[in-house]
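Q: show me how the following folds:
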Amino acid sequence: MEKILQIQREHFQTGATRPASARREALDSLRRGIKQHEQALLEALKEDLGKSATEAYMTEIGLALSEIRYVKRHLKRWMRPQRKASPLTNFPARSKVTCEPYGVVLIIAPWNYPFLLLISPLIGALAAGNCCVLKPSELAPATAAAVTRMMEETFPREYVAIVNGGVEESQALLDQDFDYIFYTGSPAVGRIVMEKAARHLTPVTLELGGKSPVVVTRSANLRTAARRIVFGKFLNAGQTCIAPDYVLCEQSVHEPFVRMLREELTAMYGPRPLDNPDYGKIINRRHFDRLCLLMDKAKVAAGGETQPERLRIAPTILTGVVPTDAVMQEEIFGPLLPVLSVRDDEEAFRFIQARPHPLALYLFTSDKAVEKRFMTGLEFGGGCVNDVISHIVPHNLPFGGVGQSGMGAYHGHDSFLTFSHRKAIVRRGTWPDIPLRYPPYRDWKERAVRWLF
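A: Just a heads-up that it's a prediction; the model follows:
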């Protein structure tokens, strides 16, 4: 690992990654590599997570290809130095901000979207002119192997290197002196990453998680809410960091809303979801067992079936859930959807406010005053009104958490900025050289300085 860092740092110091032409060519190479290995990637995602080809393309490969096109189209403008006004105190001068690459960056990906969440930050890192070391998740071994083959055929090791392995390899990577670290995963591991980075004073972006709530008010279009929540929650068998974690539904519409959730479940996955070939599986036995322990059979309103031998859990709706239940104590990260009843939107607001800042928040309402109160009065990474998870699709919107759900943001221009150091430069003219700032100081100089400032 030290050797990888050495050869990448030497390559970076040649300046080969800095020109716009080199960055565009890197993005083109990445796009070609993805297209050439698309079938292998689809098969790997099916093996690791049971994803259908449509879901895998829609949520991983297609999003990555789309972001490459977007970034490449805007890269030239992003790279231009930004002119800034110069204060009178610096006369005569010109000021500007330039975006410079950090150098050698480390990207650590999770297992739930093992392709997209490795490639999306890589797009920003390459666009910003960096060399990159990638660490795919060992919990998605088929995808890690497919991505490794793709990267080894696409980039020389001194430009983009990939390191496979488990906890030991991750720890060893974090012991190295990188110029930037980008980590996606759990808050527990995020703390470890931050501690390791602090030893070298390395800046970090942490994309973490949390219990992302959905609020369904009495003014919501219940049918649309049910359909969109079922789609967003059970995508990837619920293993999505921004999936709706639980629903707070106003008491007056609770019963019809739960009925509609059941109907939408059947419409999307059929009466026997575990026989549906397009429905995914849980990543491994440890997570399968954890989810089974969170599911209180007495509170199952729909679903609840399991296939231990295939690591599959049917999309499950839980009702009668209270805040002290096990399923409300941690991020679920699986196909269990607790629906809690609240008196009104104010109770829902206070419920969310009393808990750590979520990565996402979703609100279904037609009341503009309620929308404003939730969107401006609560802290969360990002979210939607009358939809779920769609805020990650536009490349011109930042994606990231706040507080316990992470720090920093990426996607599109924000990825470029994340992997760039914004350098301030002032170019002073040599004439006239006004003597106000130079000793010896006199009363008239102090008066002039006070006037200027």
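
Q: helices of the stretch 251-400 of the chain, residue ranges please.
A: 254-269, 285-294, 345-353, 368-377 (DSSP state H, counting those that start in this stretch).

Q: nearest to residue 109, of the ones you listed?
A: Proximity to residue 109, assessed across those by Cβ to Cβ, is greatest for helix 285-294 (16.8 Å). Bear in mind the C-beta positions are built from the backbone N, C-alpha and C, glycine included.

Q: okay, residue 89: pLDDT?
A: The score at residue 89 is 89. That number is its pLDDT.

Q: tell me which of the helices of the stretch 251-400 of the chain sits nearest to residue 135.
A: So among these, helix 285-294 is nearest, using Cβ to Cβ, at 19.9 Å.

Q: give the other helices and strands that the closest one contacts.
A: Helix 285-294 sits against strand 312-313, with contacts defined as 3 or more Cβ pairs under 8 Å, 6 or more residues apart in numbering; DSSP states H and E.

Q: which residues touch the strand it packs on?
A: 50, 237, 274, 279, 281-282, 288, 291-292, 295, 303, 305-307, 334-336 (Cβ atoms under 8 Å, 6 or more residues apart in numbering).

Q: now a PyMOL select for only the buried ones of those residues.
A: Restricted to buried positions by 16 or more other Cβ atoms under 10 Å, the PyMOL selection for the contacts of strand 312-313 reads:
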select buried, resi 50+237+274+279+281+282+288+291+295+303+306+334+335+336
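
Q: now the protein, which segments are flagged as low pLDDT?
A: Applying pLDDT under 70 to the chain flags no residue at all.

Q: would you format the helices of the stretch 251-400 of the chain as a markdown table with distance to residue 427 included?
A: Listed next are those as a markdown table, based on distance: least, Cβ to Cβ, whole Å:
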| stretch | distance to residue 427 |
| --- | --- |
| helix 254-269 | 60 |
| helix 285-294 | 56 |
| helix 345-353 | 49 |
| helix 368-377 | 41 |
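
Q: the nearest residue to residue 139 once chain neighbours are set aside: neighbour count?
A: Spatially, and ignoring its direct neighbours in sequence, residue 139 is nearest to residue 111 (3.8 Å; Cβ to Cβ, 6 or more residues apart in numbering). Per other Cβ atoms under 10 Å, the neighbour tally for residue 111 reads 21.

Q: can you pull the buried residues of stretch 87-102?
A: Here stretch 87-102 shows 95, 99, 101-102 as buried, counting by 16+ other Cβ under 10 Å.

Q: just those residues: which are in strands?
A: Among the buried residues of stretch 87-102, DSSP state E puts 95, 99, 101 in strands.

Q: residue 369: which of those residues is nearest?
A: Nearest member of those to residue 369, counting by Cβ to Cβ, is residue 99, at 40.6 Å.

Q: ok, so what distance separates the closest one from residue 137?
A: 30 Å (Cβ to Cβ, to the nearest Å).

Q: returning to that earlier point: quick one, which of the helices of the stretch 251-400 of the chain gets closest to residue 145.
A: Of all the helices of the stretch 251-400 of the chain, helix 285-294 comes closest under Cβ to Cβ, at 20.3 Å.

Q: run through the residues that contact residue 24.
A: 72, 75.

Q: helix, strand or coil for it?
A: helix (DSSP: H, G, I helix; E, B strand; the rest coil).

Q: go on, residue 161?
A: Applying three-state DSSP: residue 161 is strand.

Q: do I have it right that it meets residue 3?
A: No - judged on Cβ atoms under 8 Å, residue 161 makes no contact with residue 3 at a distance of 9.8 Å.

Q: which of these two has more neighbours?
A: residue 161 (22 against 9).

Q: how much space separates residue 210 from residue 107?
A: 21 Å.

Q: next: residue 100.
A: In terms of Cβ to Cβ, residue 100 sits 19 Å off from residue 107.

Q: sorry, back to before: for residue 9, which of the helices of the stretch 251-400 of the chain is the nearest?
A: It's helix 285-294; of the helices of the stretch 251-400 of the chain, that one is closest to residue 9 (Cβ to Cβ) at 37.3 Å.
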